[in-house]
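Colleague: Here's my sequence, what's the structure:
(one chain, ligands or ions: 1)
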Amino acid sequence: MNDAMQEIETHARRAGMREFLSGRFVVFDGPDGCGKSTQFRRFAEWARAQGVTVAEVREPGGTDIGEQIRDILLDPVNDAMTVRCEMLLYMASRAQLLEERVRPALARRELVLADRFVSSTLAYQGTAGGMTREEILDVAKVAVGSMWPDDVVVFDVDTATAAARMNPNRDRIEQKDASYHERVREGYLHQCREDPARYVTIDARADADTVFTQLVGAFDARMKAGIAPRVRG
Ligand code: TMP
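Modeller: You can find the predicted model right below:
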């Protein structure tokens, strides 16, 4: 292929990706220490380079009220917090985030890139914490309404690699024992198996460049497959 043809193809690919990502709700998720935050930053930068406007949000938090809820949730002093209280606080932060940030950004056809979502609650408070999927989804019905993500990217990593990558100043959740984190990982993998159309599993054990190549490849494949965003009320 000559240079001119290559340029036309690159241009067409960027335009296709811009159209594919605009107005899309994408979640990045995975166990603590999976390297998601690095990939999140790189992907946001890459999406902007495709010409997409990106709204970056994180959970818990992402709004003034949500950040206050985050402080309560992650403060190691709150070790008496029950799993039900935990689940409801994550959902409360989420409800605020959806109304204040996510819904307006999607209405403007931005790409909403979320660091964690209901998939975290299902893995942490569900599979690891012992709440049932039904209990969590009943509350999610109230908190989330029709605002479900189009793509949930799970960065999968074994617990030993994840533990080595974790910040030594661990928050209340990160301080939980190894078996809890093993169940969190299993919780994510279970969700990926149950809903392969929405979930993208990325092997996150490799170095950041290799993981990023996999990630962009997965979005290219989804664009080529024409996976449309959800119709939201
Ligand atoms: P972060 O470290 O990715 O900012 O996430 C904060 C912690 O909260 C992390 O340990 C995962 C946990 N978490 C839950 O337990 N349930 C949830 O619903 C969410 C969103 C996060």
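Colleague: switch to C-alpha atoms for all contacts and neighbour counts from now on
Modeller: Noted.
Colleague: Please tell me how far the residue of the chain found nearest the ligand sits from Met91.
Modeller: Going by CA to the nearest ligand atom, the ligand is nearest to Thr121 of the chain, at 3.5 Å. Using CA to CA, to the nearest Å, one obtains 8 Å as the distance from Thr121 to Met91.
Colleague: sorry, back to before: who's in contact with the spatially closest residue to the residue of the chain closest to the ligand that is not a sequence neighbour?
Modeller: Across the structure, with CA to CA, 6 or more residues apart in numbering as the measure, the residue nearest Thr121 apart from its sequence neighbours is Met87 (6.7 Å). Contact criterion CA atoms under 8 Å, 6 or more residues apart in numbering gives Thr121, Gln125, Ile136 as the residues in contact with Met87.
Colleague: possible to save those residues as TSV with secondary structure?
Modeller: What follows is these, written out as TSV (DSSP: H, G, I helix; E, B strand; the rest coil):
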residue	secondary structure
Thr121	helix
Gln125	helix
Ile136	helix
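Colleague: For this protein, which residues are neighbours of the ligand?
Modeller: Proximity of the chain to the ligand, by CA under 6 Å from any ligand atom, involves residues Asp32, Glu59, Pro60, Tyr90, Arg116, Phe117, Val118, Ser120, Thr121, Tyr124, Ile173, Glu174.
Colleague: ok, which stretches of this protein are strands?
Modeller: Assignment of strands within the chain using DSSP state E yields the ranges 25-29, 54-58, 111-115, 151-156, 199-203.
Colleague: per-residue confidence for the one residue sitting closest to the centre of the chain?
Modeller: Central residue check for the chain by CA atoms, centre = their mean: the C-alpha nearest the mean position is that of Phe28, 2.4 Å away. You'll see Phe28 listed with a pLDDT of 98.
Colleague: Which positions are bridged to it in the beta structure?
Modeller: Each beta-bridge partner of Phe28 is listed here: Asp115, Val153, as defined by DSSP bridges.
Colleague: If you count neighbours, what's buried in stretch 106-120?
Modeller: Of the residues in stretch 106-120, those with enough neighbours to count as buried (16 or more other CA atoms under 10 Å) are 106, 109-120.
Colleague: what about that stretch, start to end distance?
Modeller: 21 Å.
Colleague: which residues sit against that stretch?
Modeller: Contacts of stretch 106-120 with the rest of the structure, by CA under 8 Å, 6+ apart, involve 21-30, 36-37, 40, 44, 52-60, 94, 102, 105, 140, 152, 188, 191.
Colleague: out of those, which are buried?
Modeller: With burial judged by 16+ other CA under 10 Å, the buried subset of the contacts of stretch 106-120 is 21-30, 36, 40, 44, 52-60, 94, 102, 105, 140, 152, 188, 191.
Colleague: Flag the shaky bits of the chain, pLDDT-wise.
Modeller: Per-residue confidence for the chain (pLDDT under 70) gives no ranges below the cut-off.
Colleague: Could you report the neighbour count for the nearest residue to Gln39 once chain neighbours are set aside?
Modeller: Spatial nearest neighbour of Gln39, excluding adjacent residues (CA to CA, 6+ apart): Phe212 at 6.4 Å. Other residues within reach of Phe212, judged by other CA atoms under 10 Å, total 19.
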